[in-house]
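J.: make a model of this:
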Amino acid sequence: MSLLDAVPEQPPPPTRTVWMDAARVVAIVVVVLIHVVAPTVEGRGVEVGSAGWWVANALNAANRWCVPVFLMISGALALDPAKVARPRDFYRRRWQRVGVPLVFWTVFYLAFRQVVLGAGLTPQRAATDVAAGAPFLQLYFLYVLAGLVLVTPFLKVVTRHATWRMQLGLAVVLLALGAVDQVVEYAAGVGEPNAVTRFVPFAGYYVLGWVLRDVLLHGRQLVWAWAGYAGSVVVVAVLAFTGGFGDVGRYAYDFLSPPVVVMSVTAYLLLHHVLRAGCRPLERLAPLSFGIFLVHGALVYGLRHVTGVPTDLAGVLVAAFGLTAVHTAASALISWVLLRVPYLRAVLGEPARPRRSATI
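T.: I've put the predicted structure just below:
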């Protein structure tokens, strides 16, 4: 029995989606961890192959699933055909949740780079970075989400009328095209995405999140899933060492490299299994998850600008576990405050005026 045996002829009965709130929080914490240890993996003042480097590499390689899983969760919720809305109403709500944060945080982080990091940005360089859809560390994700929002009403025609197998086929084709696009980009140096096209390579994850939303693994299927996840982590970590974290390692780390695709799909299914009954502590943090994602970049880079990159094993361990916890907690606190201030809530994708229970 393999993972393929978990794919039914027809979609299984709908399951509770409460696990996604908890999984989203886990993914956001992992994003913070990756951004904390990334400079060490890239060898900035650290010898590639040293003990500290291997710890950072192992932690980073084991968690490359975080962004794809976040996209899969977004697709699982947004592409539900039971949620019927006119495109005009859908776009109006999504502008509030994605468009306003995209504009505000783009301006904020450009100013942060100039004032705090001393990047020496010229108007031309700032405009170029915005046009590339990468004004700062994590903000490319907002440009990806914005593109996916634009095509969601049309994708929902597929999820509403196509068979489940056809939907799965569409997801696989889109994911394969995204993976091939990344190969071409790395091998030939062409096809680099921009603000308009950044979402295209990730559309497969978005659709696949909906397709696999109600697939729950059991028995030997779980064994295969854990084996696929562990094997993909090993492959990514070993390839990262190749050539002193050169082009091969960077490609292996890419969210659309074959081992990361396997890691992301198995992580999504395993998170569903582990968190299927929910997890109250994580669920309580879910309304802050988007805020943590948006805020943490300033904290991580602001502190690193002062302290530098950890270079020894002890420093890497302290950064990976201590600083990740501190940055996550501080970002959560800032988000909690912003969500309680009228109009400032909008920069986290919430209505300008508080409601009784806000969700991200």
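J.: residues in contact with residue 94?
T.: Contacts for residue 94 (C-beta atoms under 8 Å, 6 or more residues apart in numbering) come out as 149, 152. Using the backbone N, CA and C atoms, a C-beta is placed for each residue, glycine as well.
J.: please report how far it lies from residue 275.
T.: 26 Å (C-beta to C-beta, to the nearest Å).
J.: do residue 284 as well
T.: When residue 284 is compared with residue 275 (using C-beta to C-beta), they lie 14 Å apart.
J.: of those two, who's got more company?
T.: Between residue 284 and residue 275, residue 275 has the larger neighbour count (other C-beta atoms under 10 Å), namely 19 against 12.
J.: run through the residues that contact the more buried one.
T.: Counted by C-beta under 8 Å, 6+ apart, residue 275 has contacts 19, 22-23, 26, 282.
J.: show the pLDDT at the closest residue to residue 65 other than its chain neighbours.
T.: Once flanking residues are discounted, residue 65 sits nearest to residue 267: 3.8 Å by C-beta to C-beta, 6 or more residues apart in numbering. Looking at residue 267, its pLDDT reads 98.
J.: what comes up buried for the helix or strand harbouring residue 267?
T.: Here residue 267, judged by DSSP states H and E, is contained in helix 258-275. Residues 258-273, 275 are the ones in helix 258-275 that count as buried (16 or more other C-beta atoms under 10 Å).
J.: any idea how far the helix or strand of the chain with the lowest mean pLDDT is from the chain center?
T.: One helix or strand of the chain scores below all others by mean pLDDT, DSSP states H and E: helix 87-94, with a mean of 88. Per C-alpha atoms, centre = their mean, to the nearest Å, the displacement of helix 87-94 from the mean C-alpha position of its chain is 23 Å.
J.: over to stretch 56-67?
T.: What separates the centre of stretch 56-67 from the centre of its chain is 12 Å, taken as C-alpha atoms, centre = their mean.
J.: and if you look at stretch 247-260?
T.: Per C-alpha atoms, centre = their mean, the centroid offset for stretch 247-260 relative to its chain is 15 Å.
J.: quick one: buried residues of that stretch?
T.: So for stretch 247-260, counting by 16+ other C-beta under 10 Å, buried means 249-260.
J.: list of residues touching stretch 243-256?
T.: 41-43, 48-49, 57, 60-61, 64, 67-68, 175, 178-179, 181-183, 186, 201-202, 235-236, 239-242, 257, 259-260, 264.
J.: find the helix or strand that the residue positioned nearest the centre of the chain is a member of.
T.: Centroid check for the chain by C-alpha atoms, centre = their mean gives residue 67 as the closest residue, at 1.8 Å. Here residue 67, judged by DSSP H and E, is contained in helix 66-78.
J.: mind giving me the packing neighbours of that helix?
T.: helix 18-41, helix 140-161, helix 203-211, helix 258-275 (3 or more C-beta pairs under 8 Å, 6 or more residues apart in numbering; DSSP states H and E).
J.: would you format those as JSON lines with distance to residue 307 included?
T.: Output for the helices and strands packed on helix 66-78, formatted as JSON lines (distance: least, C-beta to C-beta, whole Å):
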{"stretch": "helix 18-41", "distance to residue 307": "11"}
{"stretch": "helix 140-161", "distance to residue 307": "25"}
{"stretch": "helix 203-211", "distance to residue 307": "34"}
{"stretch": "helix 258-275", "distance to residue 307": "30"}
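J.: how about the helices in the stretch 201-350 of the chain?
T.: Per DSSP state H, counting those that start in this stretch, the stretch 201-350 of the chain carries helices over the ranges 203-211, 220-241, 247-253, 258-275, 280-285, 289-307, 313-317, 324-338.
J.: about what we covered before: ok, now which ones touch the residue nearest to the centre of the chain?
T.: Residue 67 touches 27, 31, 141, 255, counting by C-beta under 8 Å, 6+ apart.
J.: can we see that at 10 Å?
T.: Listed by C-beta atoms under 10 Å, 6 or more residues apart in numbering, the contact partners of residue 67 are 27, 30-31, 34, 138, 140-141, 144, 202, 205, 255, 260, 264.
J.: burial of the closest residue to residue 299 other than its chain neighbours, as a residue count?
T.: Among residues not flanking residue 299 along the chain, residue 327 sits closest, at 4.9 Å (C-beta to C-beta, 6+ apart). Using other C-beta under 10 Å, residue 327 is surrounded by 25 other residues.
J.: doesn't residue 103 make contact with residue 347?
T.: Yes: here residue 347 reaches residue 103: they are 9.0 Å apart, a contact under C-beta atoms under 10 Å.
J.: who has more neighbours out of those two?
T.: Legend: neighbour count by other C-beta under 10 Å for residue 347 and residue 103, higher for residue 347 (21 against 13).
J.: tell me the contacts of the more buried one?
T.: So residue 347 contacts 100-101, 103-105, 108, 291, 294-295, 335, 338-339, 341 (C-beta under 10 Å, 6+ apart).
J.: for the residues you listed, give me a markdown table that also has distance to residue 168 and pLDDT.
T.: Converted to a markdown table, these look like this (distance: C-beta to C-beta, whole Å; pLDDT from 0 to 100):
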| residue | distance to residue 168 | pLDDT |
| --- | --- | --- |
| 100 | 34 | 94 |
| 101 | 32 | 96 |
| 103 | 35 | 96 |
| 104 | 37 | 97 |
| 105 | 34 | 97 |
| 108 | 39 | 97 |
| 291 | 34 | 97 |
| 294 | 32 | 97 |
| 295 | 36 | 97 |
| 335 | 36 | 97 |
| 338 | 39 | 96 |
| 339 | 37 | 95 |
| 341 | 44 | 93 |
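J.: which of the helices and strands packed on helix 66-78 sits closest to residue 224?
T.: Ranking the helices and strands packed on helix 66-78 by proximity to residue 224 (C-beta to C-beta) places helix 258-275 first, at 8.5 Å.
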